[in-house]
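Undergrad: Everything below, folded, please.
(2 chains)
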Amino acid sequence: MSGLLEIEGLRIGFPHGQAEPVVVLDGIDLSIRQGEILGLVGESGSGKSMTALAAMGLLPPGARVLAGAIRLDGRDLLAQSERQWREVRGGTLGMVFQDPMTGLNPVRSVGGLLSESIRRHQSVGKAGALEIAEAALRSVGIPAARERLAAFPHQLSGGLRQRVMIALALVNRPRVIIADEPTTALDATIQAQILDLLRDRLHESGGLMITHDLGVAAEICDRIAVIYHGRIVEEGPTRAVLADPRHPYTAGLLAAVPRFDSRGRRLVPIPGQPPAPTATRLACSFRPRCAFATDSCAAIPALAPGGAGRRVACHHALGREAAG
Amino acid sequence: MTRGLAIRDALLRRGLELLVLLVSISTLLFFLLRLSGDPAAVLAGDEADPETVALISARYGLDEPLLTQYLRYIGAIVTLDFGDSLRSQTDALALVMERLGSTLLLAVLALVITAVISLPLGAWLGFRPDATTRKWVNGLVFVLQGIPGYIAGLLLIQLFVVELRWLTSIGNAGPSSWILPALTLASFLVPKMVRVVAANTAEAMAEDYIRTARATGASDGELLMNHALPNAVLGATALIGTQFAFLMSGSLITEVIFAWPGFGALLVSSVERLDFPVVQAAVFVIAVLVSLVNAATDVAFSLIDPRLRAAGS
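TA: Residues are numbered from 1 along each chain as shown, chains lettered A, B, ... in the order given. So this is what the prediction gives:
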């Protein structure tokens, strides 16, 4: 596979002294092609945000890349200097964060924030930067874009702020945009608008959509990767994964999602709790919560191809073959 | 709401506050001073006979009923007439204004020194959270904060005047005599300011918007200068506002050490001699100044923080 953004065998942990590092991401493989949106779906603590931060080179203090590679257009990001990272951040990789209320600097105007980033990555003057900024605001559906350049975050609604955040991510025409729970902090009606916008804008480049919400992933993602306890457990085209989940965890997530046609039917929660992100992996991490677990689950299953562009990491993969 | 309107509102609000403040302070001062002793007796001296005291009382209107004195006093203050100093027979307000320049000079110099030292040091301290040097500098700042100003002043005199003979330390005799008293005053403020700027910078650096700025490729320097500091200086501005009152009235020890012809010394000697007109004029002027600085702080706030522009309406 030749993706635009490729993450290969990424292991991230927190080393302390001589002891074994605490591993939070254990061999993540992901690939995003041009014009494709990949959904990375998982519960909080599963490692999905850590994956996004690693791709931006913005790991929290103490976290280290223990193994693996992150390539953008074939270029190894992990081998580059901090200076080269700064060119990538906001330049070839854009990022949209979850909370537009706290994510925009209260003392900086919208135009100021945008043109600071534009002038960092493009060789334009002040006036040129403001023109690009205005165009970016228009491209994310902000009315009266020119006047809004002078606005400060507190003068904008939550939906508008998130549009500004998206404009900030795409203003330098990045190759890939990473969106980390971009609709979680918004009202339901605004969520739908922002998802529409993201579907359009992220398809123009490539997109990594981080979410805990299968519904959000189903709405705009071409493919879905399900992450559990720092490992990808299932990956494949959105439609196929949702209609015919292979991993018991994916099936469990789907059974726990409320749907319009599920009226009268009880939602089935997954029993138990997800393991702590820092817990060591001795067996399949889902084993204690899994209805299908057997003795063979004592061995950590590898993410293996399952046909039709699908991969699953389970000794007892579900689906048509298993059922029939 | 525009910047200009916000500033006008802030000034109007402060103006009204100032009016109320001045009336209250003048009233309080009038009665407090009359409770503390008979100025005619002080003026006449310990040996004076009752007739002399009565004569002096009559001359300054001190024998009239208190209410009459008060009304006359308030009426005079409205026209900025505080009367003559009981001691030197010259206009009290003029006496105060003569000292104002010296004190303001020291205060402004001290503030400039404080800003020049505290902003970079505080920003650096708040920005580098995992350096061991941070622990040491923090400790040093903490110790410095505990050193009384007169010790700092005396040490400075010993070093620069007595040993090195670079500077003078007596009175207001040109720029070389300004440095040491200004440094002494600044030594009160610098540790406080460093701690405030450091705490605010560290707090700002942990905010989500810093991560957003990082994700647009901002360097450490840009994060600090363009994103964290504009938020952090709000706290420093507030501190300058509150410390200015201290610089105006509480710099007595520094003024005594350096024989500085300022406000603090005048105020204390006038209180000792029950020189009402001078005390009243001095306190009045300090109240006006502190109010003006508070108004300036408000304006600075609304210039730095756009949210306050909206909140003021």
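Undergrad: list the contacts for residue B:80?
TA: By C-beta atoms under 8 Å, 6 or more residues apart in numbering or on different chains, the contact list for residue B:80 reads residue B:93. The C-beta positions use only the backbone N, C-alpha and C, and glycine is treated the same way.
Undergrad: tell me the secondary structure for it?
TA: Of the three states, residue B:80 takes coil under DSSP: H, G, I helix; E, B strand; the rest coil.
Undergrad: So what's the gap between the longest helix seen in chain A and the chain middle?
TA: Longest helix in chain A, counting residues (DSSP state H): helix A:188-204. The chain centre lies 15 Å from the centre of helix A:188-204; the measure is C-alpha atoms, centre = their mean, to the nearest Å.
Undergrad: what does stretch A:139-149 give?
TA: Worked out by C-alpha atoms, centre = their mean, stretch A:139-149 lies 26 Å from the chain centre.
Undergrad: And stretch B:85-100, by the same measure?
TA: Offset of stretch B:85-100 from its chain centre (C-alpha atoms, centre = their mean): 20 Å.
Undergrad: List the contacts of that stretch.
TA: Residues outside stretch B:85-100 that contact it (C-beta under 8 Å, 6+ apart) are B:39, B:43, B:60, B:80-84, B:261-263, B:265-266, B:270, B:273-278, B:280-282, B:285.
Undergrad: can we see that at 6 Å?
TA: Here stretch B:85-100 makes contact (C-beta atoms under 6 Å, 6 or more residues apart in numbering or on different chains) with B:39, B:43, B:82-84, B:262-263, B:266, B:273, B:275, B:277-278, B:281-282, B:285.
Undergrad: Mind checking which of those residues land in helices?
TA: Within these, residues falling in helices by DSSP H are B:39, B:43, B:263, B:266, B:277, B:278, B:281, B:282, B:285.
Undergrad: low-scoring pLDDT stretches of the stretch 201-324 of chain A, where are they?
TA: In the predicted model of the stretch 201-324 of chain A, residues A:260-265, A:320-324 satisfy pLDDT under 70.
Undergrad: Also the stretch 1-150 of chain B?
TA: Looking at the stretch 1-150 of chain B by pLDDT under 70, you get B:1-3, B:36, B:129-131.
Undergrad: What ranges does it have for its helices?
TA: Using DSSP state H, counting those that start in this stretch, the helices of the stretch 1-150 of chain B run over B:3-35, B:39-44, B:50-59, B:66-78, B:92-127, B:132-145, B:149-156.
Undergrad: Now chain A against chain B: closest residue?
TA: Residue nearest to chain B within chain A: residue A:90 (3.4 Å; C-beta to the nearest C-beta).
Undergrad: burial count for that residue?
TA: Applying other C-beta atoms under 10 Å in any protein chain shown, we find 28 residues neighbouring residue A:90.
Undergrad: same thing with residue A:187?
TA: Residue A:187 is flanked by 12 other residues according to other C-beta under 10 Å.
Undergrad: what do you get for the one 10 residues further on?
TA: Burial of residue A:197 is recorded as 19 neighbouring residues (other C-beta under 10 Å).
Undergrad: Return the residues in contact with the one residue in the stretch 201-313 of chain B that gets nearest to chain A.
TA: Going by C-beta to the nearest C-beta, chain A is nearest to residue B:216 of the stretch 201-313 of chain B, at 3.4 Å. Residues counted as contacts of residue B:216 (C-beta under 6 Å, 6+ apart) are A:90, A:117.
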